[in-house]
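**Student:** Structure for this input, please:
(one chain, ligands or ions: 2)
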Amino acid sequence: MTTTATLPQLQCESDVGIATVPLASEGAFASWQGDIPERFRTLGGPELVERVREARAALGQRAVVLGHHYQREDIIQFADRRGDSFDLARYAASHPESEYIVFCGVHFMAEAADVLSAPHQQVVLPNLAAGCSMADMAAQPDVLGAWRELAAEFGGTEEIIPVTYMNSAAALKSFCGERGGIVCTSSNAGRVLAWALERGRRIFFFPDQHLGRNTAHAMGIPEREVSLWNWRLPSGSRGGLSTDELRRSRIILWEGHCSVHQRFSLTQVERARAQHAGVRVVVHPECRAEVVRHADAVGSTAYIARYVEEAPAGAVLAVGTEINLVSRLAKENPDKTVFCLDPVVCPCSTMYRVHPAYLAWVMEELAEGRVVNRVQVPEQQKEHARVALQRMLQLA
Ligand code: 13P
Ligand code: SF4
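**Tutor:** Numbers count the residues shown, from 1 in each chain. Ligands and ions are numbered 1, 2, ... in the order given. Down below sits the predicted model:
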């Protein structure tokens with residue numbers, strides 16, 4: 001049996017789990033939510049665990065803790081439900097019994113839970129600075145500007161269906177809902193794009209170019225019918241696309257990416273195959289096209305977890321996704337060799353911002369009847385964002 005600890009390419013602390021240090025000792029704390037009460041900054045791991053447990057017990061059924069697969073070990077241990085972003089959204093939509101949904105994930109996930117949950121439920125994100133750099137690449141004014149340029153090019157937008165990846169602000173989900181569009185996640189992008197192409201000649205897809213391109217490829221859409229809209233260009237540049245490129249596009253992709261997944265490369269896939277006979281490569285669809293096309297399997301975080309769990313004993317699996325999930329899968333599948341494709345990969349820095357000190361803080365406040373760090377989507381966005389999310393949930 002080989003374990004992660006004995007694989008030569010695994011070297012950094014995150015490969016074998018990250019120790020809980022007090023918030024005050026976290027090097028990157030300056031970029032996190034800073035207004036946490038002083039008393040939580042110096043608490044160490046064991047004390048934090050104890051305090052979260054006590055608050056959890058005091059809250060009982062009144063709270064449910066949801067944990068995305070990329071959450072660190074010292075957080076995921078408290079999750080009543082773990083999942084990918086689709087599963088957690090569906091859970092929030094169908095479990096009105098808890099008054100509070102404590103979402104251990106990132107901001108767009110908490111927003112989706114707020115949109116989908118019942119009016120009496122309140123969603124709390126332990127650290128409000130836990131965002132998503134990919135979601136931030138699609139700012140609402142930029143998307144609206146691009147939409148107007150597309151309208152000018154095509155003489156209207158009747159034939160264009162806007163599709164937003166779950167990893168986007170609620171304002172963009174609302175934008176899609178209002179214009180006959182829809183949301184997708186990494187677990188249903190193929191079904192969603194097929195739905196959209198039944199209703200329009202073209203899709204405007206944001207923010208992840210890689211998920212869009214990989215899905216289009218899997219659907220058999222030729223590369224020349226997929227174009228890339230460069231949102232960094234000055235307005236009026238039509239995303240850097242010519243009339244011809246726009247007119248032959250069935251899918252117009254926003255030039256966004258995930259900095260964690262964009263690190264995975266074809267060289268890493270080839271190295272894994274050269275070094276481990278019979279290795280199976282499984283990756284997330286946010287990886288570049290050449291990585292996905294050379295992998296054995298591709299899917300959401302829940303799919304990846306299932307793929308590893310269902311592999312036979314003795315299997316060797318190289319995984320292209322965030323390191324907290326890879327390390328957990330390695331630990332939970334000791335009869336298999338599970339390692340990360342990238343030898344120096346770091347955790348998703350925003351997921352990592354959900355430190356146990358924040359969880360202890362928000363849970364203790366809830367136990368005292370006070371809600372801090374509530375994520376509340378403005379009512380004017382909720383209605384159409386719900387339409388776009390429900391269209392996706394109905395397709396599943
Ligand atoms: P999943 O929907 O596959 O959980 O992915 C979310 C995410 O942010 C991947 O980077
Ligand atoms: Fe966003 Fe990438 Fe982190 Fe997922 S892994 S939450 S896409 S930055």
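**Student:** can you pull out the helices in the stretch 151-300 of the chain?
**Tutor:** 170-178, 189-199, 209-218, 243-248, 266-275, 289-293 (DSSP state H, counting those that start in this stretch).
**Student:** winner for burial among those helices?
**Tutor:** Highest mean neighbour count among the helices of the stretch 151-300 of the chain (mean count of other CB atoms under 10 Å): helix 170-178, with a mean of 25. In this view, the C-beta of every residue, glycine as well, is placed from N, C-alpha and C.
**Student:** Check the offset of it from the chain's centre.
**Tutor:** 18 Å (CA atoms, centre = their mean, to the nearest Å).
**Student:** Show me what it is packed up against.
**Tutor:** Counting contacts by 3 or more CB pairs under 8 Å, 6 or more residues apart in numbering; DSSP states H and E, helix 170-178 packs against helix 107-116, helix 140-154, strand 160-165, strand 182-184, helix 379-395.
**Student:** Mean pLDDT added to the ones you listed, as CSV?
**Tutor:** Shown next, in CSV, are these (pLDDT from 0 to 100):
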stretch, mean pLDDT
helix 107-116, 98
helix 140-154, 97
strand 160-165, 98
strand 182-184, 98
helix 379-395, 97
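**Student:** For residue 52, find the nearest of the ones you listed.
**Tutor:** Closest to residue 52 of those is helix 107-116 (CB to CB; 18.0 Å).
**Student:** Now do the contacts for residue 282.
**Tutor:** Residues near residue 282 by CB atoms under 8 Å, 6 or more residues apart in numbering: 295, 296, 297, 298, 299, 304, 307, 308, 317, 318, 319, 320.
**Student:** can we see that at 6 Å?
**Tutor:** Residue 282 is in contact with 297, 304, 307, 319, counting by CB atoms under 6 Å, 6 or more residues apart in numbering.
**Student:** Over to residue 214?
**Tutor:** Contacts for residue 214 were tallied using CB under 6 Å, 6+ apart; they are 285, 289, 292.
**Student:** nearest spatial neighbour of whatever residue of the stretch 101-250 of the chain ends up closest to ligand 2, skipping sequence neighbours?
**Tutor:** Nearest residue of the stretch 101-250 of the chain to ligand 2: residue 132, at 3.3 Å (CB to the nearest ligand atom). In space, and not counting its chain neighbours, residue 132 is closest to residue 106: 4.8 Å by CB to CB, 6 or more residues apart in numbering.
**Student:** Give me the distance between the one helix or strand residue 363 maps to and the centre of its chain.
**Tutor:** Assigned by DSSP states H and E, residue 363 belongs to helix 356-367. Helix 356-367 has its C-alpha centroid displaced from the chain centroid by 23 Å (CA atoms, centre = their mean).
**Student:** For it, report the contacting residues that lie outside it.
**Tutor:** Residues from elsewhere that reach helix 356-367 (CB under 6 Å, 6+ apart): 20, 23, 36, 40, 48, 51-52, 55, 58-59, 63, 74, 100, 124, 126-127, 372-373.
**Student:** thought the residue nearest to residue 132 was touching residue 134?
**Tutor:** No. Using CB atoms under 6 Å, residue 106 is not in contact with residue 134; the gap is 9.9 Å.
**Student:** May I have the helix holding residue 363 exported as PDB, CA atoms only?
**Tutor:** The C-alpha trace of helix 356-367 is given here as PDB (Å, rounded to 0.1, in the frame of the first residue of the first chain):
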ATOM      1  CA  PRO A 356     -12.600  27.500  12.600                       C
ATOM      2  CA  ALA A 357     -12.400  30.800  14.500                       C
ATOM      3  CA  TYR A 358     -15.100  32.200  12.200                       C
ATOM      4  CA  LEU A 359     -17.200  29.100  12.500                       C
ATOM      5  CA  ALA A 360     -17.000  29.300  16.300                       C
ATOM      6  CA  TRP A 361     -17.900  33.000  16.300                       C
ATOM      7  CA  VAL A 362     -21.000  32.700  14.000                       C
ATOM      8  CA  MET A 363     -22.200  29.500  15.700                       C
ATOM      9  CA  GLU A 364     -21.900  31.000  19.200                       C
ATOM     10  CA  GLU A 365     -23.700  34.100  18.100                       C
ATOM     11  CA  LEU A 366     -26.500  32.000  16.600                       C
ATOM     12  CA  ALA A 367     -26.800  30.000  19.800                       C
END
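**Student:** average pLDDT for that helix?
**Tutor:** Helix 356-367 shows a mean pLDDT of 98.
**Student:** so what's residue 318 bridging to?
**Tutor:** Residue 318 has the following beta-bridge partners by DSSP bridges: residue 281, residue 339.
**Student:** rewinding a little: quick one, which of the helices and strands packed on helix 170-178 is nearest to residue 78?
**Tutor:** Among the helices and strands packed on helix 170-178, helix 107-116 sits nearest to residue 78 (CB to CB), with 15.9 Å.
**Student:** Would you tell me what the next helix or strand after that closest one is?
**Tutor:** strand 122-124.
**Student:** contacting residues around the next helix or strand after that next one?
**Tutor:** Note on strand 122-124: by DSSP H and E, the next helix or strand toward the C-terminus is helix 133-136. Contact with helix 133-136 is made by 108, 167, 168, 207, 208, 256, 258, 259, as judged by CB under 6 Å, 6+ apart.
**Student:** just the helices in the stretch 1-150 of the chain please.
**Tutor:** Using DSSP H, counting those that start in this stretch, helices in the stretch 1-150 of the chain cover 45-59, 73-76, 85-94, 107-116, 133-136, 140-154.
**Student:** pLDDT (mean, whole number) over the second one?
**Tutor:** This predicted structure assigns helix 73-76 an average pLDDT of 96.
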